[in-house]
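# Can you look at this prediction? I've put the sequence above it.
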Amino acid sequence: MAFHKERSAGFLANQMARLFAKGLHERIRPLGLAPAQFMTLLALWDEDGLAQSELVQRLDVEQATMANTLTRMERDGLIERRANPDDGRSQAIHLTPRAKALRDPATAAARAQNEAALADFTDEERQTFLALMRRAISAMHGD
């Protein structure tokens with residue numbers, strides 16, 4: 001049987017993820033943010049003061065990638081590193097006032113991208129679509 005990419009969940013998921021990422025990047029670029037910075041900010045907006053190792057684990061990225069992202073974020077005035085009160089060998093990553101001020105416009109940009117992607121769906125279709133995606137993710141995680 002021939003391989004049809006239009007029938008491949010992997011191909012379609014990858015194409016959709018690329019289009020989501022491209023659209024989000026275009027929406028957050030005017031805020032001075034890159035996608036990796038946005039994902040890091042999401043984690044820190046949820047819980048400020050995480051260690052770099054905790055960010056690596058939560059975002060499922062390589063240690064070197066996170067180190068580069070944090071260096072850029074520090075340069076851009078989004079984060080500051082402070083001694084971790086619980087572990088003197090590590091540093092806690094804290095949001096600056098600039099990063100805190102970006103929370104509403106950046107999350108609004110993400111909501112707008114999601115809305116654009118799901119604009120042609122009914123409410124019921126949205127719920128079904130999201131539930132099916134969660135099930136596929138869970139199946140691949142082995143949860």
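It's in.
# packing partners for whatever helix or strand residue 110 lives in?
According to DSSP states H and E, residue 110 maps onto helix 103-117. Packed against helix 103-117 by the contact rule (3 or more C-beta pairs under 8 Å, 6 or more residues apart in numbering; DSSP states H and E) you find helix 9-28, helix 35-46. Yep, even glycine has a C-beta here, placed from its N, CA and C like the rest.
# With mean neighbour count, distance to residue 69 and mean pLDDT added, can I get these in CSV?
As requested, the helices and strands packed on helix 103-117 are exported to CSV (neighbours: other C-beta atoms under 10 Å; distance: least, C-beta to C-beta, whole Å; pLDDT from 0 to 100):
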stretch, mean neighbour count, distance to residue 69, mean pLDDT
helix 9-28, 14, 14, 94
helix 35-46, 18, 5, 96
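# Out of the ones you listed, which is closest to residue 120?
Minimum separation from residue 120 across those (C-beta to C-beta) falls at helix 9-28, 13.6 Å.
# what's the burial count for residue 79?
25 (other C-beta atoms under 10 Å).
# and it, what is it in contact with?
Shown in contact with residue 79 (C-beta atoms under 8 Å, 6 or more residues apart in numbering): 44, 70, 73, 93, 94, 95, 96, 99.
# Tell me which of the helices and strands packed on helix 103-117 lies nearest to residue 89.
Residue 89 lies closest to helix 35-46 among these, at 20.4 Å (C-beta to C-beta).
# Give the next helix or strand downstream of the closest one.
From helix 35-46, the next helix or strand downstream (DSSP H and E) is strand 50-51.
# so how far is the worst-scoring helix or strand of the chain on mean pLDDT from its chain's centroid?
When each helix and strand of the chain is scored by mean pLDDT, DSSP states H and E, strand 87-95 comes last, with a mean of 86. Strand 87-95 sits 21 Å away from the centroid of its parent chain (C-alpha atoms, centre = their mean, to the nearest Å).
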